[in-house]
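[1] structure, please.
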Amino acid sequence: MKTFKQLERIFFDYEEQKRKKVRDEHLDSSSYTFMPSRAILPQKSSAFSKQVVIKLLSNLSSNGVKNALSYVIRNSAFDFAFNESHQPIRIDEILRQWQKDFSTQPNAKEAWHFTFCLDELKSECNIKALQDSVKEVMQTHFYGYKYVSVLHTHQHKPHIHIILNKTNIFTHKKLHFNNKQEIKDFWNLLREDFKNALNFHNPNFNYKNSYRYERNLLKESAKASIEIPLNIAENIAKQIAALESKIQLYETKSHNLTKTIFQHMQEKRKLINELKLLIQSGNKCYFQLLNSIKATNKELCSLRQSNKGYQTQKKQLQEQIRKLREQRLYYKSSYDSLAKKQAYAEFLRTKKQTKADIFVLRQIQSEIALNEKNLAKNTESQINADLIMARTLHKKSNAFVMIGIAKDLDSHLKALAHIEISDSVRETLQDYETKLLENKAFVLKMCQQKVMILQEYLKGKKSPYKLKELNALCNFLGLENQTQTQEPSKTRSSTHTQELLSNELIDVFLRWYCKKQHITNPAIYEAHLREKIHNGTFENFKEQYRAFIEENKAIKKL
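    The predicted model follows:
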């Protein structure tokens, strides 16, 4: 033991020191990401809160990546994008780096194209908050993936385009989800973190992330029906502002192009002067200079063409602005005159009226009624007829979307019914439950309206997709499909086709039709046409058959 202690003193004679904190190790407060998790209880939304928006635009193939990159860079202020390290990078460099990750299959989905949108006016403060928020969200959720970001400010709402390479840098595996629910949860988490980041970086923002079943659909539809006719002039002004900013973008791009053209012209002059000197001295190296002059000429030609394209686009946008200004002037004058007449009519009602005043009042009231009718007609022509559907659900909403929303609402109501809660939380959840019940009733009402619309549509037209929608809605609502009564007529038409097929002339008709269409292998094509006639999918069959019969009659007469 003594020897061991002696050895320990020789070899292990040290004093344990505690690690000291160095100033460099302290992270700056700006590097922290403020991302609290989503609360379990429903969010409190004020009257001025806005819905946060992240749009997945497309799932791209390798060719789609090239097209998307060219589009987003073309409509930005610069001719490059920013990569995941926030370094400027050009299209050819992006494609060269990413090509290693792409597979050889032509239709393989290699990248995502999505946008982070901001529902605010353009300002340095707002754009800075958007950029910082997007940077934080991308670092949190897409660490280990290559992506490029491009800021767009040519429209009235600034937004950032992201094109993400789905192949991981470290594992070399593609981004994958097991089912649709995982994708929904992922995008919801992305929106939640983006909302938190926006509200953190700008205290004036008040964004929310509410599910579609959490919104008050009835209130939104009523608000839309009131607000849209009154906000037409404002919407036109926004469109004009967006077009003006786009014109400004094209002006800056053409200005930069003229600068580069001027530089190329100076280089060309220098090369021409050098060429003259070489020719005079009899030096044969002037061939190299000639090739370089040709290359500069080609580049100048392409630059001038692109500059000309910017000028034509600018003229087209100016024409659009002129038309929009005329439209805004019409609406403004109409609403102003109507408001003035209404105010004067109110004044005449309140004061003591003479016979002349009563006569004027009646005239003004009739004019107001006529103006209101005309304005209603004009606004209806500008707005989509299906206003409630467009605002509350989606502009391209169909029966399957409605059924999905109704099922979502039903599942959440069932989940709420099975939750054991305390009295303090019960009140908040009751409000939440009433909102869900109102939304469910509203969606069911919209489903019933959609059934009526589809039935009216299918009376005069044929559409297999609309019929599927109607069947799905009828099954969901437990209604009887009235279009099934039209089946006997279908059977009659099918028997008619069967008679035609059994007719001996049909073989002659098929040969005649194949000869008319210049088909090289008629035997296989005839069998295919026969199947089409049997299924009732032969386009213009009756007209073609009638033409064939008439031609036969004419031949017999001769």
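[2] what about A68, neighbour count?
    Neighbours of A68 under the rule other C-beta atoms under 10 Å: 20. Bear in mind the C-beta positions are built from the backbone N, C-alpha and C, glycine included.
[3] not counting residues beside it along the chain, what's closest to it?
    Distances taken as C-beta to C-beta, 6 or more residues apart in numbering put H113 closest to A68, at 4.9 Å, once the chain neighbours are dropped.
[4] same check, this time on R90
    Once flanking residues are discounted, R90 sits nearest to F80: 5.0 Å by C-beta to C-beta, 6+ apart.
[5] residue ranges with poor pLDDT in the stretch 101-250 of the chain?
    Low-confidence segments of the stretch 101-250 of the chain (pLDDT under 70): 211-235.
[6] quick one: the helices in it, in order.
    Counting by DSSP state H, counting those that start in this stretch, one finds helices in the stretch 101-250 of the chain at the ranges 124-141, 180-201, 217-230, 232-281.
[7] ok, back up a step: and the residue nearest to R90, what's its pLDDT?
    pLDDT, F80: 88.
[8] quick revisit: run through the bridge partners of the residue nearest to A68.
    S58, I163 (DSSP bridges).
[9] tally of neighbours for it?
    Look at H113: counted by other C-beta under 10 Å, it has 21 neighbours.
[10] what sits closest to F476 if chain neighbours are left out?
    Excluding the flanking residues, the one nearest F476 by C-beta to C-beta, 6+ apart is I403, at 5.1 Å.
[11] the helix or strand where that neighbour lies - contacts with which helices or strands?
    In this structure, I403 sits in helix 399-417 according to DSSP states H and E. Helix 399-417 makes packing contacts with helix 423-460, helix 464-477 when contacts are defined by 3 or more C-beta pairs under 8 Å, 6 or more residues apart in numbering; DSSP states H and E.
[12] okay, the ones you listed in CSV with mean pLDDT, mean neighbour count and distance to I91 next?
    Listed next are those as CSV, based on pLDDT from 0 to 100; neighbours: other C-beta atoms under 10 Å; distance: least, C-beta to C-beta, whole Å:
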stretch, mean pLDDT, mean neighbour count, distance to I91
helix 423-460, 76, 15, 44
helix 464-477, 84, 16, 38
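[13] and I293, which of those is closest to it?
    helix 464-477 (60.3 Å; C-beta to C-beta).
[14] can you list contacts of the closest one?
    For helix 464-477, contacts defined as C-beta atoms under 8 Å, 6 or more residues apart in numbering pick out 398-400, 402-403, 406, 444, 447-448, 450-451, 454-455, 457-458, 479-481, 483.
[15] ok, now with 10 Å
    Identification of contacts with helix 464-477 by C-beta atoms under 10 Å, 6 or more residues apart in numbering yields 398-400, 402-403, 406-407, 444, 447-448, 450-451, 453-455, 457-458, 463, 479-484.
[16] which other residues reach stretch 256-272?
    Residues from elsewhere that reach stretch 256-272 (C-beta under 10 Å, 6+ apart): 77-79, 289-290, 292-293, 295-297, 299-300, 303-304, 306-308, 310.
[17] at 7 Å instead, please
    L289, S292, I293, T296, E299, L300, L303, R304, S306, N307 (C-beta atoms under 7 Å, 6 or more residues apart in numbering).
[18] mind checking which of the residues you listed land in helices?
    L289, S292, I293, T296, E299, L300, L303, R304, S306, N307 (DSSP state H).
[19] now a PyMOL select for only the buried ones of these.
    Of the ones in helices among the contacts of stretch 256-272, the buried ones go into a single PyMOL selection, burial set by 16 or more other C-beta atoms under 10 Å:
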select buried, resi 289+293+300+307
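[20] a markdown table for the ones in helices among the contacts of stretch 256-272, including pLDDT and distance to K173?
    Listed next are these as a markdown table, based on pLDDT from 0 to 100; distance: C-beta to C-beta, whole Å:
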| residue | pLDDT | distance to K173 |
| --- | --- | --- |
| L289 | 78 | 52 |
| S292 | 83 | 47 |
| I293 | 83 | 51 |
| T296 | 85 | 46 |
| E299 | 85 | 42 |
| L300 | 85 | 46 |
| L303 | 84 | 42 |
| R304 | 84 | 47 |
| S306 | 83 | 40 |
| N307 | 83 | 45 |
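[21] what is the nearest of the ones in helices among the contacts of stretch 256-272 to D119?
    D119 lies nearest to S306 out of the ones in helices among the contacts of stretch 256-272, by C-beta to C-beta, at 33.1 Å.
[22] mind listing what that closest one touches?
    So S306 contacts L257 (C-beta under 7 Å, 6+ apart).
[23] same thing but 10 Å
    Residues near S306 by C-beta under 10 Å, 6+ apart: R74, K253, S254, L257.
[24] name the member of those residues with the most neighbours.
    In terms of neighbours by other C-beta under 10 Å, these top out with K253 at 22 neighbours.
[25] who's in contact with the closest residue to that residue other than its chain neighbours?
    If the residues on either side of it in the chain are set aside, K253 comes closest to Y310, at 5.7 Å by C-beta to C-beta, 6+ apart. Listed by C-beta under 10 Å, 6+ apart, the contact partners of Y310 are I247, L249, Y250, E251, T252, K253, S254, H255, L257.
[26] output those residues in CSV, with distance to L413 appended to each entry.
    Listed next are those as CSV, based on distance: C-beta to C-beta, whole Å:
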residue, distance to L413
I247, 51
L249, 48
Y250, 52
E251, 55
T252, 54
K253, 54
S254, 58
H255, 59
L257, 60
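[27] tell me the one of these nearest K109?
    Closest approach between the contacts of Y310 and K109, by C-beta to C-beta: L249, at 30.8 Å.
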